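Peer 1: here is my input, please return the structure:
(2 chains)
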Amino acid sequence: DGGITQSPKYLFRKEGQNVTLSCEQNLNHDAMYWYRQDPGQGLRLIYYSQIVNDFQKGDIAEGYSVSREKKESFPLTVTSAQKNPTAFYLCASSTNRGVYGYTFGSGTRLTVV
Amino acid sequence: AQSVTQLDSQVPVFEEAPVELRCNYSSSVSVYLFWYVQYPNQGLQLLLKYLSGSTLVKGINGFEAEFNKSQTSFHLRKPSVHISDTAEYFCAEKSLNTDKLIFGTGTRLQVFP
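Peer 2: Next up is the predicted model:
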């Protein structure tokens, strides 16, 4: 079945360490997105990519970096510059300019101690 | 700027009662509208979408929504809820001039026995 795979489900890191969250899709979708979710704050867009080798900052890109070297993959690196990295991170993808909505992964819960 | 307003952050309801989750969108141009459901520690799952045509849209799990252009609303309804409907619900819009979905802040539906 086609879908989006985020790994790992849970991730623990020490403060000051960079960490990379994986997102892979086999839907042949052109666009991919990363969101951060905190309790009571809904979804906040971190980065998005509409085509391979191109990506744009979202609303809260500071302290994060991404790459889009393959259509199927859109990894997110949470750097030590991110002041409050503990959160639930969601990856999504879309086709046809988002007309049919997004398909979401199951999320990665990052805890920084 | 586009915005989606979910008027209730929490909606408590007893099992087998009807429920309505309210959503208002802002776009003055043609829009596509979506409702997503999120269970704890999971990604978002598409409940239903309005692209065009009939203003009453039926989705999964017995949910339906009605597109009302004059009131710029897209309220979600279910005639009889179950305990298993307890979750967070997100409304989203996409207008023709952007590829991105704009999400509301979510409504937590709590169903009590």
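
Peer 1: from here on, contacts and neighbour counts on C-alpha atoms
Peer 2: Will do.

Peer 1: who's in contact with stretch A:52-70?
Peer 2: With CA atoms under 8 Å, 6 or more residues apart in numbering or on different chains as the test, stretch A:52-70 has contacts from A:30, A:44-49, A:51, A:71, A:74-83.

Peer 1: now do the buried residues in that stretch.
Peer 2: Under the neighbour-count criterion of 16 or more other CA atoms under 10 Å in any protein chain shown, stretch A:52-70 has A:52, A:55, A:58, A:61, A:63-64, A:66-68 buried.

Peer 1: any regions of chain A where pLDDT drops low?
Peer 2: A:1 (pLDDT under 70).

Peer 1: ok, and does the helix or strand harbouring B:R108 reach over to chain A?
Peer 2: B:R108 belongs to strand B:107-112 when assigned by DSSP states H and E. No. Shown here: strand B:107-112 not in contact with chain A (CA under 8 Å from any CA of the partner chain), separated by at least 9.4 Å.

Peer 1: and that strand, what does it pack onto?
Peer 2: Under the contact definition 3 or more CA pairs under 8 Å, 6 or more residues apart in numbering or on different chains; DSSP states H and E, strand B:107-112 sits against strand B:10-14, strand B:87-95.

Peer 1: looking at the contacts of stretch A:52-70, which are in strands?
Peer 2: A:44-49, A:51, A:76-78 (DSSP state E).

Peer 1: could you single out the nearest of those residues to B:S80?
Peer 2: Of all the ones in strands among the contacts of stretch A:52-70, B:S80 sits closest to A:R44, with 31.7 Å by CA to CA.

Peer 1: any idea how far A:Q37 is from the closest one?
Peer 2: 6 Å (CA to CA, to the nearest Å).

Peer 1: neighbour count winner among those two?
Peer 2: A:R44 (20 against 17; other CA atoms under 10 Å in any protein chain shown).
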